[in-house]
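Peer 1: This is a predicted model, with the sequence first.
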Amino acid sequence: MTSSVTENKSRWIYIPLGLIIFMCMGTIYSWSIFRKPIETAFNIGATESGLPYMIFLVFYALGMPFAGNYMDKYGPRVMTIAGGLLISVGWFLSGFTSSITILTITYGVIGGTGVGIAYGAPMAVAAKWFPDKEGLAVGLTLGGFGLSPFLTAPAASWLIRHFGAFSTFKVLGVLFAVIITLLALPLKFPESKKSISKKKNKAKSKLNIGPKKMLKSRSFYALWTTFVIGTIIGLMAIAISGPVAEEIINLDSATASIYVSLFAIFNGIGRPIFGALTDKFKPKITAVISFLMIILASILMIINNSANPVLYFIAFVIFWLNLGGWLAIAPAATSYFFGKENYSRNYGYLFTAYGVGAVIGNIFSGQIRDILGSYKYVFYPTLIIAVIGIIIAVFFLNKDKKKIAEIN
């Protein structure tokens, strides 16, 4: 009894450990701070300056199913350290690049793969230690990823102003190697035979759907598609937050970086909020709430013809909040639809939606800016696809009863 109580209390240490690790990995969300210096250094446009960000997110997503297959074999400590070292190498090498192509390889391919390998480990640790409040625990842990720009955006902006973008890459690369490695050392899964709490058995699902059967399930494709939509809108908004502030709202770069850091707070708190909502109301209702909020944010930017910074702030708070929300809805929904047994592998496959959303969102926003001359036209399509998301959620985001029946 005493051992169970002690274990129940000590499990809370994994939340702050994972949160800080995710804060390091979430520096990708500060990319908008790097875009202008990169465009100036390489004499390129908005579409090209978005390539490292886009490729980073693609390889981040591709690394997830790969890492999920090895999570149980090597454990969360090894996976986090391996991924963390790859992240630091990617950032550090980016400081020596001389073209957007090389930067895309170092930052995008190497750094993105590192995040893909490390990402699932702290999240799986939280999920397995908190079977009684999984959505909330995962949301709190993932909050570090969303909160990251709150610290890294102003810090990176200061470093860039004083030392340049490429020196900033080197500094951050070294810091990530040290921080992620040290914080990964205590990470471990609970021993399967031990009970974490009396609620564990009640919370334990009878579902045990593996990747093969999941990929034949209608629920998977409904969840995957809605996740793509949420990701397209959220990542597109994050990538253009700084440029929109400067070009449309007429804010200076320093003020824009402050806004981005404030938005990060809402990206971070969106994860536990939407994780808890998913625990309470299930994925369908939570998804509809998210898309309704996105529609509101899109309308606020469409009617913002006077470059009102208040409307801009409210709209982008909602966009960032909902990206954070989808990164909590998706893992909680994976467990809800397909069970906990194959959670790491299943979520790895679902997370490919994030990569697809990153490509579409980044190319789309960059093309609109380059062709039409302004980011203000981005918010019409965000409204339309959010409506599509509501339709898919209402009619298709349900448990696949046929697959459950086959297993049981």
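Peer 2: It's in.
Peer 1: following the worst-scoring helix or strand of the chain on mean pLDDT, which helix or strand comes up?
Peer 2: Confidence across the helices and strands of the chain bottoms out at helix 200-203, with a mean of 45, counting by mean pLDDT, DSSP states H and E. Downstream of helix 200-203, the next assigned helix or strand under DSSP states H and E is helix 211-214.
Peer 1: Go ahead and produce PDB holding the CA coordinates of that next one.
Peer 2: Listed next in PDB are the C-alpha coordinates belonging to helix 211-214 (Å, rounded to 0.1, in the frame of the first residue of the first chain):
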ATOM      1  CA  PRO A 211      -1.800  -0.400 -36.300                       C
ATOM      2  CA  LYS A 212      -2.900  -2.900 -38.900                       C
ATOM      3  CA  LYS A 213      -6.500  -3.000 -37.800                       C
ATOM      4  CA  MET A 214      -6.500   0.700 -37.000                       C
END
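Peer 1: elements contacting the helix or strand that that helix is followed by?
Peer 2: Next along the chain after helix 211-214, taking DSSP H and E as the criterion, comes helix 218-247. When contacts are defined as 3 or more C-beta pairs under 8 Å, 6 or more residues apart in numbering; DSSP states H and E, helix 218-247 sits against helix 31-42, helix 253-302, helix 309-338, helix 343-350, helix 352-372, helix 379-396. For the C-beta atoms, the positions are set from N, CA and C on the backbone; glycine is no exception.
Peer 1: what's the distance between the third one and the middle of its chain?
Peer 2: Centroid displacement of helix 309-338 relative to its chain, using C-alpha atoms, centre = their mean, to the nearest Å, is 9 Å.
Peer 1: which helices and strands sit right next to that helix?
Peer 2: So helix 309-338, by 3+ C-beta pairs under 8 Å, 6+ apart, packs with helix 112-129, helix 134-163, helix 218-247, helix 253-302, helix 343-350.
Peer 1: of those, which approaches residue 325 most closely?
Peer 2: In terms of C-beta to C-beta, the element of those nearest to residue 325 is helix 253-302, at 3.4 Å.
Peer 1: Please work out the angle formed by the directions of the closest one and helix 379-396.
Peer 2: Using axes from the mean of the first three to the mean of the last three C-alpha atoms, to 10 degrees, the inter-axis angle of helix 253-302 relative to helix 379-396 is 60 degrees.
Peer 1: model confidence over helix 253-302, on average?
Peer 2: Throughout helix 253-302, pLDDT has a mean value of 90.
Peer 1: With stretch 330-339 instead?
Peer 2: pLDDT averaged over stretch 330-339 gives 90.
Peer 1: Likewise for stretch 349-369?
Peer 2: 85.
Peer 1: Would you mark the buried spots in it?
Peer 2: Within stretch 349-369, the residues that qualify as buried by neighbour count (16 or more other C-beta atoms under 10 Å) are 349-362, 364-366, 368-369.
Peer 1: Repeat that for stretch 275-290.
Peer 2: 275-279, 282-284, 286-290.
Peer 1: Same list (the residues you listed) but as JSON lines, adding distance to residue 135.
Peer 2: Listed next are the buried residues of stretch 275-290 as JSON lines, based on distance: C-beta to C-beta, whole Å:
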{"residue": "275", "distance to residue 135": "4"}
{"residue": "276", "distance to residue 135": "6"}
{"residue": "277", "distance to residue 135": "8"}
{"residue": "278", "distance to residue 135": "5"}
{"residue": "279", "distance to residue 135": "4"}
{"residue": "282", "distance to residue 135": "10"}
{"residue": "283", "distance to residue 135": "10"}
{"residue": "284", "distance to residue 135": "14"}
{"residue": "286", "distance to residue 135": "9"}
{"residue": "287", "distance to residue 135": "13"}
{"residue": "288", "distance to residue 135": "17"}
{"residue": "289", "distance to residue 135": "14"}
{"residue": "290", "distance to residue 135": "14"}
